[in-house]
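> sequence and predicted structure, then a few things I'm wondering about:
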Amino acid sequence: MDVFVGIDNISNSLKNPVITIGNFDGVHYGHQILFQQVKDWAHEIQGQSVVMTFNPHPLEVLFPGKGPACITPHEQKLELIAAYGIDVTIVIPFDKDFAKISAHDFVTRLLVEKIGVKAVVVGYDYRFGRNRQGDIDFLQKMGEQYGFEVRTLSGIRMAKTVVSSTAIRQLIKDGNIREVNRLLGHPYEISGTVVTGRQRGGHLLGFPTANIKMSCQAPPRPGVYVAQAIVDGTTYGGAVNLGYNPTFGDTPFTLEVHILDFNEDIYGKTVTVRFFDRLRDEMRFSGIDELREQISRDVLKTREMLKHFPVAAAH
């Protein structure tokens, strides 16, 4: 997949581009259906499938500190888009100047003049341009004027749930990882650098853990989770504790993963934690012995449950 950062950096003219536009946080099942339509249409007209996305999230620029927690950090989003077979991704560095572009200029200057768009596929509720003034009707009228077609995709449902990034964020917050992964179409992941923790896991409890410094992502509800840990491109099983370690009276929120059958120094390395299921709530124990016994049970159960989850390749 070719990636162009900024509309002016498209280094070669695109061939009959069919484009979809959005934030695509999570690259969830609904996004994947959209991508498939783009790819199919591009194939029909012997063109290229194109995704336009934004970095950072527009709401983070327009309302600093109030933007939604991301499901997928920007680099992971690009990796997922590539994995679903898109030919070209155009990343728009979103700032306050870009936010001022009118819907008319967005179509004429970007889609028509810079990209040479032949077709557009967007969600049924798509809006764009300054103050979200552009809608589907406007886009279709512009298409008639400038010679491109527009198709819309209605909300995708899985069972009774409309698949959306908003719904997935709430499920993450609730700790409903199985449902999160179902709507995503791939496991939920958090990546971060391994930092020095409390140094209790190995010598005190017998279960060494990697303490992960989290990025922009909102963590799931506190508790113990069945997971995999990806270290240097290799995937291992893992038992994750998310929370405040109430037995020890800690206050910082931490993500710690006990990596199964692993004993290497990985301080400073990036580890990706891939979540599969929730085992239990975080609990306060009477002491170290009771906590150690519970961790032992958690690890045994994690090993058993991981047999039912395939080892997916790292992105």
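Done, it's in. Numbering: from 1, shown residues only.
> OK, contacts around Glu179?
Glu179 makes contact with 161, 171, according to Cβ atoms under 8 Å, 6 or more residues apart in numbering. Using the backbone N, CA and C atoms, a C-beta is placed for each residue, glycine as well.
> dihedrals phi and psi, it?
When read as degrees, to the nearest 10, the backbone of Glu179 gives phi -70, psi -40.
> same thing with the one 4 residues further on?
Reported as degrees, to the nearest 10, the phi and psi values for Leu183 are phi -70, psi -30.
> what sits against it?
Listed by Cβ under 8 Å, 6+ apart, the contact set of Leu183 reads 28-29, 158, 161, 163, 167-168, 171.
> buried subset of those?
Applying 16 or more other Cβ atoms under 10 Å to the contacts of Leu183, the neighbour count classes 28-29, 163, 167-168, 171 as buried.
> ok, how many other residues are close to the closest residue in space to Tyr126 that isn't next to it in sequence?
Nearest in space to Tyr126, with sequence neighbours left out and distances taken as Cβ to Cβ, 6 or more residues apart in numbering, is Ile136 at 6.2 Å. As a burial measure, Ile136 scores 17 neighbours (other Cβ atoms under 10 Å).
> can you tell me which two in the contacts of Leu183 are farthest apart?
By the measure Cβ to Cβ, Tyr29 and Leu171 form the most distant pair in the contacts of Leu183, at 12.9 Å.
> chain center to stretch 8-24: distance?
The chain centroid and the centroid of stretch 8-24 are separated by 21 Å, computed with Cα atoms, centre = their mean, to the nearest Å.
> which parts of it are buried?
Of the residues in stretch 8-24, those buried under the neighbour-count criterion (16+ other Cβ under 10 Å) are 10, 14, 17-24.
> could the residues you listed be laid out in JSON lines, adding pLDDT and distance to Asp289?
As requested, these are exported to JSON lines (pLDDT from 0 to 100; distance: Cβ to Cβ, whole Å):
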{"residue": "Ile10", "pLDDT": "88", "distance to Asp289": "63"}
{"residue": "Leu14", "pLDDT": "95", "distance to Asp289": "64"}
{"residue": "Pro17", "pLDDT": "97", "distance to Asp289": "64"}
{"residue": "Val18", "pLDDT": "98", "distance to Asp289": "62"}
{"residue": "Ile19", "pLDDT": "98", "distance to Asp289": "60"}
{"residue": "Thr20", "pLDDT": "98", "distance to Asp289": "56"}
{"residue": "Ile21", "pLDDT": "97", "distance to Asp289": "57"}
{"residue": "Gly22", "pLDDT": "95", "distance to Asp289": "52"}
{"residue": "Asn23", "pLDDT": "94", "distance to Asp289": "48"}
{"residue": "Phe24", "pLDDT": "95", "distance to Asp289": "48"}
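> so which of those residues sit within strands?
Among these, the ones falling in strands (DSSP state E) are 18-21.
> where's the residue nearest the centre of the chain relative to Ile295, distance?
When Cα atoms, centre = their mean is applied to the chain, the residue found nearest the centroid is Thr72 (2.1 Å). The span separating Thr72 from Ile295 equals 30 Å under the rule Cβ to Cβ, to the nearest Å.
> and what of Glu44?
Applying Cβ to Cβ, one obtains 55 Å for the distance of Glu44 from Ile295.
> give me the more crowded residue out of these two.
When Glu44 is set against Ile295 and neighbours are counted by other Cβ under 10 Å, the residue ahead is Ile295, at 20 against 11.
> state whether that one is indeed within a helix.
Yes - if the criterion is DSSP: H, G, I helix; E, B strand; the rest coil, then Ile295 is within a helix.
> now do the same for it: its pLDDT.
Here, the pLDDT recorded for Ile295 equals 86.
> my read: it touches Phe207, true?
Yes - in terms of Cβ atoms under 8 Å, Ile295 counts as a neighbour of Phe207; the distance is 5.2 Å.
> quick check: neighbours shared by those two?
Overlap between the contact sets of Ile295 and Phe207, as judged by Cβ under 8 Å, 6+ apart, is given by 239, 258.
> what residues go with each domain of the protein?
Residue ranges of the domains in the chain are recorded as 2-158, 188-306, according to automatic domain parsing.
> make a markdown table from the ones you listed and add distance to Glu179 to it.
Putting the domains of the chain into a markdown table (distance: least, Cβ to Cβ, whole Å) gives the following:
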| stretch | distance to Glu179 |
| --- | --- |
| domain 2-158 | 9 |
| domain 188-306 | 10 |
